[in-house]
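Undergrad: predicted model and sequence follow; I will ask about them next.
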Amino acid sequence: MTVQQKIIPCLWVEKDAKVVSEYYLSIFKEGKLKDYHQFTNPPEMGGQTFDTAVIEIAGIEFSILAAGPLFKFNEAVSFVINTKDQTETDYYWEALTSNGGEEGVCGWCKDKYGLSWQVVPVEYFDLIHSEDPIVRDKALTNTFKMKKLILSELK
């Protein structure tokens with residue numbers, strides 16, 4: 001396996017790196033599984049098995065380490081999905097919050113593994129950075145009233 005990306009986020013999950021990979025690849029349609037391996041720790045380390053995978057989604061490689069329930073995701077790390085329009089925003093929001101995910105506020109949500117995402121239409125940044133204080137203030141004020149970002153309500 002050739003490493004092409006200098007920094008690769010590693011997602012520690014409890015079990016089933018292949019199942020986790022398939023989940024993310026079902027959401028990010030252009031993604032691909034690049035590597036998968038199962039390992040057994042040596043006897044002096046307990047002999048348990050674990051597995052790893054490398055996936056590429058949206059042009060970014062992610063390593064997935066399924067090695068037990070030692071660590072959990074939290075909001076200190078999230079991934080922003082810059083969406084081209086409301087339709088794409090709706091797609092990712094629904095895909096990530098369904099089947100055990102949960103909605104947050106201000107465009108934040110968690111997937112069924114507890115990983116935090118920010119689903120943000122790129123036009124949103126134009127609104128909150130507008131030189132027109134009325135446009136900027138309306139977008140910011142309405143952001144705090146929303147879960148999923150709705151462009152028509154931010155304008």
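TA: Okay, I see it. Residues are numbered from 1 along each chain as shown.
Undergrad: which residues in the protein form strands?
TA: 10-13, 32-40, 49-57, 60-66, 78-83, 102-103, 108-110, 116-121 (DSSP state E).
Undergrad: what's the average pLDDT for the third one?
TA: Which is strand 49-57. Throughout strand 49-57, pLDDT has a mean value of 95.
Undergrad: the shortest one now?
TA: Rounded to a whole number, the mean pLDDT of strand 102-103 is 98.
Undergrad: packing partners of it?
TA: strand 108-110 (3 or more C-beta pairs under 8 Å, 6 or more residues apart in numbering; DSSP states H and E). Quick note: C-beta positions are derived from backbone N, CA and C, even for glycine.
Undergrad: gap between the strand it packs on and the chain center?
TA: Relative to the centre of its chain, strand 108-110 is centred 8 Å away, using C-alpha atoms, centre = their mean, to the nearest Å.
Undergrad: which residues does that strand contact?
TA: Residues from elsewhere that reach strand 108-110 (C-beta atoms under 8 Å, 6 or more residues apart in numbering): 73, 75, 78, 93, 96-97, 101-104, 116-119, 147-148.
Undergrad: equivalent analysis for stretch 134-147, please.
TA: 103-107, 109, 124, 127-130, 149, 153-155.
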